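Enquirer: Quick one, what's the 3D model for this:
(one chain, ligands or ions: 2)
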Amino acid sequence: MVKKSTFVSKLWHMESFNGTITSKLPQTGTSVFAVMSQLAREHNAINLSQGFPDFPVSEELIDLVHYYMRKGYNQYAPMQGVPELRTALSQMFQKNYGARYDADKEINITAGATQALFTAISAFIREGDEAIIFEPAYDSYAPAVLTNGGMVKYASLQFPDFSINWDELPRMITSRTRLIIINSPHNPTGSILSDEDMLRLERITRNTDILIISDEVYEHLIFDNIKHQSVCLYPELASRSLLIGSFGKTFHATGWKTGFVLAPENLMNEFRKVHQFVVFAGNTPIQYAVANYLQNADHYKNLGSFFQQKRDLFAQALKNSAFKILPCHGTYFQLLDYSNLSQLPEMEFARWLVQEHKIAAIPVSSFYQRKENHQVLRFCFAKTEETLLEATAVLSQLKTE
Ligand code: PMP
Ligand code: GLN
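Expert: Residues are numbered from 1 along each chain as shown. Ligands and ions are numbered 1, 2, ... in the order given. All right, here's what the predicted structure looks like:
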């Protein structure tokens, strides 16, 4: 007699889908961040690959989350985010940049910047539309365009300073260009956009229907007294832009996945039509806690100098190593050129480094569609002094072949 469990599993097989799946993302594998963090775990390595701090979130902020949870703020937040947090953001952008975003109509809280990016791209990209992305690029932009039937046009940031080639950009614009995605401070390179860059973008997009997505998740992580040129400082650009931020970066809490979008009302209306069906709303107690915590500007205004010290410590400790240190003006990533050490392509060198020396980093080639190789790896320096010294002691030992 056939046992019931076998019978059920046979039935399941008979009825299971047997057609062809045509992938919407045939070229896309598992994110390099997941791959390298997994390798770091397997080899018990110091993980400087995926970008996240190894030091704790402020006790005060954790207490605030507990406070709001205990107070019973545990059900769905409003779709656009809790009013307290939208108001806090509106005041913060007014104070920091003189920008005016209406808390009700022009600000939306999201489940992190990744969701904000995907939702924004889905709201505006239609079949056949083109989006311009600068490479190397953060990995989530292109798949979001492709999933929505759009086409990606890749502009290259110029090695080694990773600046935009302003002669190339106008040649890439066509009647189908719907979006240009910018990111400053820039992941993975640590380059930043200047006032001149923003003005050029403003001129190039004038009298077009092109929208801008400005990924500013590292807005506070900017060094050397450089001023962050937020898109909101340029009213003409801001009128065609969705500005995206993340509290994960600002409050050392990448696992909380809470972010935001600022955009003029006409763009925000379209954003919300999609947002409500992607996630509906973000995490309630965290939104209340962050709203409260943002009231004190000391909680974010010294982030630049905090991370600059880490950048300097990391670079100083590698001064006499075989690595060449590339300029880094923002983010918490440092690029290191290893061409004095090895001729291996980036992915192979990164694998060798994690297997043989227990240091995990990200090959910058992963941020290029064509896997361009400059013999450069990205290292995250959002780590304690102890971790950074331990890692740099190993990296400094590596000798030219
Ligand atoms: N944009 C950039 C440039 C990032 O580096 C990251 C993540 N580190 C994100 C977006 C996504 O942010 P979140 O974790 O809030 O989704
Ligand atoms: N933004 C982080 C980085 O660049 C990782 C985000 C992720 O794991 N998707 O490392």
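Enquirer: now the helix or strand containing Phe306: mean pLDDT?
Expert: According to DSSP states H and E, Phe306 maps onto helix 303-317. Helix 303-317 comes out with an average pLDDT of 98.
Enquirer: Same check on stretch 20-27?
Expert: 92.
Enquirer: Can you show me the CA trace of that stretch as CSV?
Expert: Provided in CSV are the C-alpha atoms of stretch 20-27 (Å, rounded to 0.1, in the frame of the first residue of the first chain):
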residue,chain,number,x,y,z
THR,A,20,9.7,27.1,-19.9
ILE,A,21,10.8,29.9,-17.7
THR,A,22,12.2,32.9,-19.6
SER,A,23,14.2,34.8,-17.0
LYS,A,24,13.5,38.5,-16.8
LEU,A,25,17.1,38.9,-15.6
PRO,A,26,19.1,36.3,-17.6
GLN,A,27,22.5,37.9,-16.9
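Enquirer: Which residues of the chain lie near ligand 1?
Expert: Remark: the part of the chain in contact with ligand 1 comprises 51, 112-114, 138, 183, 187, 215, 217, 246, 248, 254, 257, 259, using CB under 6 Å from any ligand atom. C-beta: built from backbone N, CA, C; applies to glycine.
Enquirer: Heading C-terminal from the helix holding Phe306, find the next helix or strand.
Expert: strand 324-325.
Enquirer: what's the spacing between the helix or strand following that next one and its chain's center?
Expert: For strand 324-325, the following helix or strand on the C-terminal side (DSSP H and E) is strand 333-337. Counting by CA atoms, centre = their mean, to the nearest Å, strand 333-337 is centred 17 Å from the centre of its parent chain.
Enquirer: Compute the inter-axis angle for strand 333-337 and helix 303-317.
Expert: 20 degrees (axes from the mean of the first three to the mean of the last three CA atoms, to 10 degrees).
Enquirer: and whatever helix or strand comes next after strand 333-337, C-alpha only, in CSV?
Expert: Following strand 333-337 in sequence order, the next helix or strand is helix 346-357 (DSSP H and E). C-alpha atoms of helix 346-357 as CSV (Å, rounded to 0.1, in the frame of the first residue of the first chain):
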residue,chain,number,x,y,z
GLU,A,346,39.8,41.3,-9.5
MET,A,347,37.5,38.5,-8.7
GLU,A,348,40.3,36.0,-8.6
PHE,A,349,42.4,38.3,-6.4
ALA,A,350,39.5,38.8,-4.0
ARG,A,351,39.0,35.1,-3.7
TRP,A,352,42.7,34.6,-3.1
LEU,A,353,42.7,37.3,-0.5
VAL,A,354,39.8,35.8,1.5
GLN,A,355,41.0,32.2,1.2
GLU,A,356,44.7,32.7,1.9
HIS,A,357,44.7,35.8,4.0
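Enquirer: Counting neighbours, show which residues of helix 346-357 come out buried.
Expert: 346-347, 349-351, 353-354, 357 (16 or more other CB atoms under 10 Å).
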